[in-house]
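Trainee: A predicted structure for the sequence below; I have some questions about it.
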Amino acid sequence: MKTGYKPRLKIFYEETLRKSLLKKLGYKNIYQVPELKKIVINVGCGEAVTDPKILEIIKEDLAKITGQAPAYTRAKRPISNFKIRKGMVIGMKVTLRGNRMYEFFDRFVNFAAPRIRDFRGFKRDSFDGRGSYNLGLTEQTIFPEIEYDKVKKVFGMDIAFVTSAKKDEDALALLEGLGMPFERKK
């Protein structure tokens, strides 16, 4: 990316949303306002034990979606029932920060989420108690970077939105302000 470039969502946060959250949440200092720290995308693939070629397919698609090369995740302990040995590659993850994080969030909220089948908003109860939001997707084909005709393997992923918020209510206000579509309150 070019130097001096700022994603539109980051500009919106810094110039508009941060000030409104300061008033809404009742903080005294601008630095107390929660912000998006990182986005972690994790893909677990148990089938990689029998067919290692699947990892290359997942790696290629994940790199297209995020714009960053994924890192391999390895088994921490052996599990004999699943034929997994310690240190065996069983998945991939990508950690996005800075401009790439804001770009991914923008594409996810505005292009990918509306393409989820029967989508009515993300659940409000998927916060972890410390200001992070986690969700799971069943297929990667919702992302516009993936051409449906060229998909060799459909896989799901877990996405964690990590914020600096201390409370879930503050993280919810931040994510809603950034445009995350949550389901309506009942």
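Mentor: Now that the structure is in, tell me what you want to look at. Numbers count the residues shown, from 1 in each chain.

Trainee: show me what contacts Phe105?
Mentor: Phe105 makes contacts with 9, 36, 39, 161, 178, as judged by Cβ atoms under 8 Å, 6 or more residues apart in numbering. (C-beta placed from N, C-alpha, C; glycine too.)

Trainee: pretty sure the last one sits against Leu9.
Mentor: Spelled out, that is Leu178. Yes - with contacts counted by Cβ atoms under 8 Å, Leu178 reaches Leu9, the gap being 6.5 Å.

Trainee: tell me the contacts of the nearest residue in space to Pro114 that is not next to it in sequence?
Mentor: Spatial nearest neighbour of Pro114, chain neighbours left out: Pro181 (8.0 Å); criterion: Cβ to Cβ, 6 or more residues apart in numbering. Neighbouring residues of Pro181 by Cβ under 8 Å, 6+ apart: 109, 113-114, 119, 121-122.

Trainee: and Pro181, backbone torsions?
Mentor: phi -80, psi 100 (degrees, to the nearest 10).

Trainee: now do it against Ile116, distance only.
Mentor: Applying Cβ to Cβ, to the nearest Å, the value for Pro181 to Ile116 is 10 Å.

Trainee: tell me which helix or strand Lys38 sits in.
Mentor: Using DSSP states H and E, Lys38 maps to strand 36-44.

Trainee: tell me the one of the contacts of Pro181 nearest Lys152?
Mentor: Nearest to Lys152 among the contacts of Pro181, counting by Cβ to Cβ, is Ala113 at 24.0 Å.

Trainee: secondary structure class for that closest one?
Mentor: What DSSP: H, G, I helix; E, B strand; the rest coil gives for Ala113 is helix.

Trainee: same check on Lys93?
Mentor: Three-state assignment for Lys93 (three-state DSSP): strand.

Trainee: same deal with Glu60?
Mentor: Put simply, Glu60 is helix when judged by three-state DSSP.

Trainee: that one: how many residues sit nearby?
Mentor: Using other Cβ atoms under 10 Å, Glu60 has 14 neighbouring residues.

Trainee: by neighbours, which of the contacts of Phe105 wins?
Mentor: Neighbour max across the contacts of Phe105 (other Cβ under 10 Å) = Phe161, 24 neighbours.

Trainee: now name the helix or strand holding the nearest residue to it once chain neighbours are set aside.
Mentor: Using Cβ to Cβ, 6+ apart and skipping residues adjacent in sequence, the residue nearest Phe161 is Tyr133, 4.5 Å away. Tyr133 is part of strand 132-137, with elements assigned from DSSP H and E.
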